[in-house]
Every structure is written in structure tokens, then in C-alpha cells.
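[1] Need the 3D shape of this:
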Amino acid sequence: MSVSDEAAIQQVLSAYSVATSRGDDARVLALFVDDGIWSVPGIGVHLEGIEQVRAGMAQIRSQFDYIVQVHGPAEIAISGDTAKAASVIRESGKYAGREVAVDILGIYDDDLLRTPAGWKFRRRVFDLQGMHDFPLQPPQA
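    Here you go, the predicted structure:
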């Protein structure tokens, strides 16, 4: 395992979290191979290929005014031009048009592929551990 490969994969994971938090779907999609898979079995989502991933992410994002994703450093195992990674995720956000927030906890299990453009996701599966809604409190005077 090359330290530079591990650092490059950590960068892909970080770029995904930053782009997701900024709502930059083009940047998120650029991190996937063309036939990549994004799956969240806990809510019945399984998307294959960039167009399905684009549409699915847009549909999910439309439900929120914002969502911010934080990830912990990943466990990474590299084998030639493929890699597996697992990272703990926490997402917090606000539902669109409602004074209700959400806290999402889980683990991403990833398969990555080394491409001429760098490491990319072949498959991302989010293992949802918990999803909690709570009312937002009005500002105190």
C-alpha cells in the first residue's frame, strides 16, 4: 500500500463530503466512475450509473434547505488498482420549508477504482445507523 494512494483516497472521501455539503452535485458526480453505484439500503435507494445517481441525489437534496456532512478518517485497504474504504458519517440538516432538523448517522462502505483521472467511487453504500428528527428552537430574545 502506498501512502500517497491512501492520502489520495482520503482526499476523494473529503471532497465528497465538502461537495455534498455545498450542494455541488457536479463535483460529487465527478468522483464516480460512469457506471458507479450509490446505495442507501436503509431507505430503499439503489442507483446505478451517473444519470440515476444525479437524479436520485437531486430528489433527496430537494427535501432539505441544507445538509452538512462530516466524515471521520477512513479505514482503507488497497489492492493494485482497487481499494475498499469505510468511514463514519454524520449529516445534519434542515427539512425544506419546515422548522425541523435531521441528524443522520452511519457508515459508508466504498469500493474505489484507480482511473487515469485518479481514484473514483465504483460503489458507495451508506449503512444507515440512525436518523433522528427534532424541532428547531426559535431564537431566544
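
[2] mind checking how far Ile50 is from Gln59?
    Applying Cβ to Cβ, to the nearest Å, the value for Ile50 to Gln59 is 15 Å. To be clear about C-beta, it is placed using only N, CA and C from the backbone, and glycine gets the same treatment.

[3] Leu136 too?
    Leu136 is 23 Å from Gln59, by Cβ to Cβ.

[4] Wait, a strand at Ile76?
    Yes. If the criterion is DSSP: H, G, I helix; E, B strand; the rest coil, then Ile76 is within a strand.

[5] ok now stretch 110-123, how far from the chain's centre?
    The chain centroid and the centroid of stretch 110-123 are separated by 14 Å under Cα atoms, centre = their mean, to the nearest Å.

[6] what does stretch 54-63 give?
    13 Å.

[7] And that stretch, what's buried?
    Neighbour-count burial for stretch 54-63 flags Arg54, Gly56, Met57, Arg61 (criterion: 16 or more other Cβ atoms under 10 Å).

[8] in this structure, what spans have low per-residue confidence?
    1-3 (pLDDT under 70).

[9] the helices in this structure, which residues?
    With DSSP state H as the criterion, the chain has helices at 3-22, 25-30, 50-61.
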